[in-house]
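Undergrad: Next comes the sequence, and after it the predicted model I'd like to discuss.
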Amino acid sequence: MAAKKASEGFAKVVADEVQRWGSMKQTGVSLRYMMEFGSRPTERNLMRSAQFLHKELPIRIARRAIELQSLPFGLSEKSAVLKVRDWYLDSFHDLRSFPEIKDKDEELAFTQMIKMIKVRHNNVVPAMALGVQQLKKDLSPSIVPKDLEEIHEFLDRFYMSRIGIRMLIGQHVALHDPNPEPGCVGQINTEMSPMLVAHAASEDARSICFREYASAPEVNIYGDPNFTFPYVPSHLHLMVFELVKNSLRAVQERFVDSDKDAPPVRIIVADGIEDVTIKISDEGGGIPRSGLPKIFTYLYSTAKNPLEENYEGVHEGVTMAGYGFGLPISRLYARYFGGDLQIISMEGYGTDAYLHLSRLGDSQEPLP
């Protein structure tokens, strides 16, 4: 009995602490600031970065943990969502238990710890997707998509915050790399070639298409191969991969029984003064106009669901389709650094996706 009382007391202390940190103000940073700060990874700068994260990460993580406890339609009670909440509470506890960082050894120990936090949260997207699937199974048919807007808004905030947390941790960890690639400041490549990233992402998407359908349409890329700008290659790879994967699937399924050759997917990279725009065009038959509002929601996918109870082995972006999370999350990645993603479709012909990336790098992180 005494043990139960103690654990309840402990839970209350943790809950109060999470509430206290969750009500503090978050501090956003810009791509340009990360680049300028990270271009001199001196011991003093790494210490300052660790001290900033020591205070900033618990605030961001506490906010999400609080939200995870009060989601509508009983989403908070789903086993997969409870698991995610526990990951966030564990990470909050790890960060708050870590003493103030005063020297190089403490800074290195802190860096190891946040690296572990990032790994702990690797499967948050498939776990939340599974929670949403569990919810969909239990929802009464009388609930219309409009009622679910609150869940969409929560997931937008939740994933946007996750992108920020992973970017801050990843950037700090990467600044410790003794042999960074030329032109790279942490995770940011100051001379990233969008053509090269688009090519690599397209090849990855084609290999998955091959695995699923035993063939894949060609992908043709147009643009200036010498053009570069500062961006995070892993973010761009994820977005282009997702868009090309959707296009390949649409074309493949439209032409599967046709005697015509499947038309290629076309990627055009345009370099403007404010934005770099990447257009991905396919002739996969398009999306009916009534379906367009749904493609950025988290409760919609036209494919069979690849998620079973076991999502531990699932990594982001490995299945051809089925989460229904790829497009909304890609749009968040674009918006994280001040860009956007738009989809324009011609039913009966095909779809164009416009990925706008801000060149200026000075938009602040959007902090949900």
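TA: That came through fine.
Undergrad: now the protein, which segments are flagged as low pLDDT?
TA: Across the chain, residues meeting the criterion (pLDDT under 70) sit at 1-11, 141-147, 300-324, 360.
Undergrad: Domains in it, by residue range?
TA: Using automatic domain parsing, the domain ranges for the chain come out as 2-179, 185-358.
Undergrad: okay, those in TSV with distance to Pro368 next?
TA: All C-beta atoms are positioned from the backbone trio N, CA, C, and that covers glycine. Below are the domains of the chain laid out as TSV (distance: least, Cβ to Cβ, whole Å):
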stretch	distance to Pro368
domain 2-179	3
domain 185-358	10
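Undergrad: if you go through this structure in chain order, where are the strands?
TA: Counting by DSSP state E, the chain has strands at residues 184-185, 188-192, 219-222, 229-231, 265-271, 275-282, 340-346, 350-358.
Undergrad: right, and those strands - which one's nearest Met239?
TA: strand 350-358 (5.9 Å; Cβ to Cβ).
Undergrad: Give me the helices and strands touching that closest one, please.
TA: Here strand 350-358 is seen to pack against helix 233-255, strand 275-282, helix 326-336, strand 340-346 when contacts are counted using 3 or more Cβ pairs under 8 Å, 6 or more residues apart in numbering; DSSP states H and E.
Undergrad: out of the strands of the chain, which comes closest to Met160?
TA: strand 340-346 (13.2 Å).
Undergrad: And the contacts of that closest one?
TA: With Cβ atoms under 8 Å, 6 or more residues apart in numbering as the test, strand 340-346 has contacts from 239, 286-287, 289, 292, 295, 327, 330-331, 334-335, 351-356.
Undergrad: If any of these are buried, give me the PyMOL selection for them.
TA: Listed next is the PyMOL selection for buried residues among the contacts of strand 340-346, using 16 or more other Cβ atoms under 10 Å:
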select buried, resi 239+286+287+295+327+330+331+334+335+351+352+353+354+355+356
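Undergrad: so Leu68 makes contact with Val84?
TA: Yes. Applying Cβ atoms under 8 Å, one finds Leu68 in contact with Val84, separated by 6.4 Å.
Undergrad: picking up where we left off before, in CSV, list the helices and strands packed on strand 350-358 along with distance to Lys55.
TA: Shown next, in CSV, are those (distance: least, Cβ to Cβ, whole Å):
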stretch, distance to Lys55
helix 233-255, 25
strand 275-282, 33
helix 326-336, 21
strand 340-346, 31
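Undergrad: Select, out of these, the one closest to Glu153.
TA: Comparing these by Cβ to Cβ, helix 326-336 comes nearest, at 11.4 Å.
Undergrad: who's in contact with that closest one?
TA: 125, 152, 155-156, 159-160, 163-164, 167, 235, 238-239, 242-243, 245-246, 295-298, 317, 340-341, 343, 355-357, 365-366.
Undergrad: Just the buried residues of the residues you listed.
TA: Among the contacts of helix 326-336, the ones that count as buried by 16+ other Cβ under 10 Å are 125, 152, 155-156, 159-160, 163-164, 167, 235, 238-239, 242-243, 245-246, 295-298, 317, 341, 343, 355-357, 365-366.
Undergrad: Helices along the stretch 101-250 of the chain, start to end?
TA: 104-120, 124-138, 149-174, 194-213, 233-255 (DSSP state H, counting those that start in this stretch).
Undergrad: Let me know which of these is tucked in deepest.
TA: helix 233-255 (a mean of 23; mean count of other Cβ atoms under 10 Å).
Undergrad: for it, packing partners?
TA: strand 188-192, helix 194-213, strand 265-271, strand 275-282, helix 326-336, strand 350-358.
Undergrad: quick one: it to chain centroid distance?
TA: Counting by Cα atoms, centre = their mean, to the nearest Å, helix 233-255 is centred 16 Å from the centre of its parent chain.
Undergrad: quick one: that helix to strand 275-282, angle?
TA: Per axes from the mean of the first three to the mean of the last three Cα atoms, to 10 degrees, the angle that helix 233-255 makes with strand 275-282 is 20 degrees.
Undergrad: what's the angle between helix 233-255 and strand 350-358?
TA: Interaxial angle of helix 233-255 relative to strand 350-358 (the same axes, to 10 degrees): 170 degrees.
Undergrad: quick one, what contacts Leu168?
TA: Contact partners of Leu168, counting by Cβ under 8 Å, 6+ apart, are Val29, Leu53, Glu56, Leu57.
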